[in-house]
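Enquirer: kindly return the folded structure for what I paste below:
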Amino acid sequence: MYHKILVPIDLNEGGFSDKAATVAADLAEHFKAELVLLNVVPGYNMPMVGSYFPKQAFNDFLREANANLAEAAKESLQGRSIRYQCLVAEGKPVDVIIQQAIASQADLIVMASHKYRRFERQVIGTVANKVIAKTDIPVLVVKP
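Expert: Numbers count the residues shown, from 1 in each chain. Prediction:
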């Protein structure tokens, strides 16, 4: 049923995305699907990033993000025979997740959700809520 599953991974929140990655890996094994593990970093052209970091420091940050994502994938998928690829992309998380889901032809997005209280969710929203609202691709949200 599923051929490609996109899994946004937040490397800044230790253990936060682990449960979603495990669920996605279980689904990938069952359906013999490929996983696309995605880490989104703020774009260098965003004012808060480009004005504080020199371009070389940002390039070093991207290399480190790629290495950290590869290591997280290795740990999460250890002992499993799952096809996967790791992507690090820059930009606004909601937009990048949707763009990458479309570009990779994902037929499912599996992502973790913060455990916000109702008021916080209404005021600031969550990435998962916004992805659900903006895409036609099915989204499986895994609670912490």
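Enquirer: now for the longest helix seen in the chain, which elements pack on it?
Expert: Using DSSP state H to define each element, the chain has its longest helix at helix 55-76. The contact analysis (3 or more Cβ pairs under 8 Å, 6 or more residues apart in numbering; DSSP states H and E) places helix 55-76 against helix 18-31, strand 34-41, strand 84-90. Just so you know, the C-beta spots here come from the backbone N, C-alpha and C atoms, and that holds for glycine as well.
Enquirer: ok, 10 Å please
Expert: Where contact means 3 or more Cβ pairs under 10 Å, 6 or more residues apart in numbering; DSSP states H and E, helix 55-76 is packed against helix 18-31, strand 34-41, helix 47-50, strand 84-90.
Enquirer: check what contacts the first one and list those residues.
Expert: Right, the one you point to is helix 18-31. Residues outside helix 18-31 that contact it (Cβ atoms under 10 Å, 6 or more residues apart in numbering): 1-10, 17, 33-37, 72-73, 75-77, 80-84, 107-113, 128, 140-144.
Enquirer: again, only using 6 Å
Expert: With contact meaning Cβ atoms under 6 Å, 6 or more residues apart in numbering, helix 18-31 is reached by 1-2, 5, 7, 35, 76-77, 80, 82, 110-112, 142.
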